[in-house]
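[1] sequence and predicted structure are below.
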Amino acid sequence: MTPLLTSALAGAAGCLLAAAALRPVRRTVPYLGGLTLAAVTAGATLAALGPPDRRVSAVLLAAAAVALLGLIADVGALPLATRLIVESVAAGGVVLCGVQVTLTGDWPDGPVSVMWIVAMTNAHALLDRRGGALAGVAAVTGAGLAGAALLLADPALAVPATVLSGACLGFLPYGRRRGRVRLGPSAALFAGFGLTCLPVALAAGRGPAAMTAGMLVPALALVLGAGLYGVRPRRSAGGGRRGAPGGVPRDARRGVRLGVRQSVRQSGRQGVRRGA
């Protein structure tokens, strides 16, 4: 089976599994969306590749740990310092397994890699919390990353990227607005961690230009997603657009119309009485 067909089948399986598994989860325990995403991504990747290589195993394990951290933060309070420490430890483990920025080829690459992974992971979570657009952005980013991995003859990274893309697509039918669905802190951290580490793993050792592109891809995807959300006209509580006449609540407009009609009727009755 060709790598392209394997990746396509794995992505389709991830989408179907996520959509099917999220239906009961969202109804009963919505906090478990992140663990569902992690289980679907890891299961479909293992089914397609068998035992993954060191890079993919490290990314999946660290992303699952970060997803568990998001679950704890979602259920109860968790200090920001604790979150950053745990995320830094997870990022450090990934770096020790060879997934790191290779801009200088010296020791500064390690700390830069940890800071970059932590910052981009939380940026993905922020996009999910503010705009609810992370599912669509992650699906497009994962598909593009899978295509780049196939072009660079690295199917070991193409499969998890395709599965993650398909699994994020599986979230979209559960959104209240088309293309807008909140993954939740757990799933957002898992997706953000994976989409940050996989491009770095793909570009590692291919030169500064390739590494710069690998670092900029998720950042540009986030900026584009935030921009698309920002240009959408927001609606006020009454259902109209801000700054437009329709921004007045519907009940208020109806009350104004009724008041005008009653005033006109009373004026007409008084005129009839005076004429009589």
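    Nice, thanks for sending it over. Residues are numbered from 1 along each chain as shown.
[2] the stretch 51-200 of the chain: strands as residue ranges?
    Assigned by DSSP state E, counting those that start in this stretch, the stretch 51-200 of the chain shows no strands.
[3] any weak-confidence spans in it?
    131, 175-180 (pLDDT under 70).
[4] ok, which stretches of it are helices?
    54-75, 80-96, 109-131, 134-151, 155-169, 185-203 (DSSP state H, counting those that start in this stretch).
[5] tell me what angle the shortest one forms with helix 134-151.
    It stands for helix 155-169. Angle of helix 155-169 versus helix 134-151, following axes from the mean of the first three to the mean of the last three C-alpha atoms, to 10 degrees, is 160 degrees.
[6] does anything pack onto helix 155-169? Which helices or strands?
    Counting contacts by 3 or more C-beta pairs under 8 Å, 6 or more residues apart in numbering; DSSP states H and E, helix 155-169 is packed against helix 3-28, helix 33-49, helix 54-75, helix 134-151, helix 185-203. Placement of C-beta: from N, CA and C, glycine included.
[7] would you mind writing the CA trace of the third one as PDB?
    Included here for helix 54-75 are C-alpha records, laid out as PDB according to Å, rounded to 0.1, in the frame of the first residue of the first chain:
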ATOM      1  CA  ARG A  54      10.800   7.500  18.200                       C
ATOM      2  CA  ARG A  55       9.700  11.000  17.100                       C
ATOM      3  CA  VAL A  56       6.000  10.100  16.700                       C
ATOM      4  CA  SER A  57       5.900   8.100  19.900                       C
ATOM      5  CA  ALA A  58       7.400  11.000  21.800                       C
ATOM      6  CA  VAL A  59       5.000  13.600  20.300                       C
ATOM      7  CA  LEU A  60       1.900  11.400  21.000                       C
ATOM      8  CA  LEU A  61       2.900  10.600  24.600                       C
ATOM      9  CA  ALA A  62       3.800  14.200  25.400                       C
ATOM     10  CA  ALA A  63       0.600  15.500  23.700                       C
ATOM     11  CA  ALA A  64      -1.500  13.000  25.700                       C
ATOM     12  CA  ALA A  65       0.200  14.300  28.900                       C
ATOM     13  CA  VAL A  66      -0.600  17.900  28.000                       C
ATOM     14  CA  ALA A  67      -4.200  16.800  27.200                       C
ATOM     15  CA  LEU A  68      -4.500  15.300  30.600                       C
ATOM     16  CA  LEU A  69      -3.200  18.600  32.000                       C
ATOM     17  CA  GLY A  70      -5.900  20.400  30.100                       C
ATOM     18  CA  LEU A  71      -8.500  18.000  31.500                       C
ATOM     19  CA  ILE A  72      -7.400  18.800  35.100                       C
ATOM     20  CA  ALA A  73      -7.500  22.500  34.300                       C
ATOM     21  CA  ASP A  74     -11.000  22.200  32.800                       C
ATOM     22  CA  VAL A  75     -12.400  20.300  35.800                       C
END
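[8] what packs against that helix?
    Under the contact criterion of 3+ C-beta pairs under 8 Å, 6+ apart, helix 54-75 touches helix 33-49, helix 80-96, helix 155-169, helix 185-203.
[9] ok, now the longest one?
    When contacts are defined as 3+ C-beta pairs under 8 Å, 6+ apart, helix 3-28 sits against helix 33-49, helix 134-151, helix 155-169.
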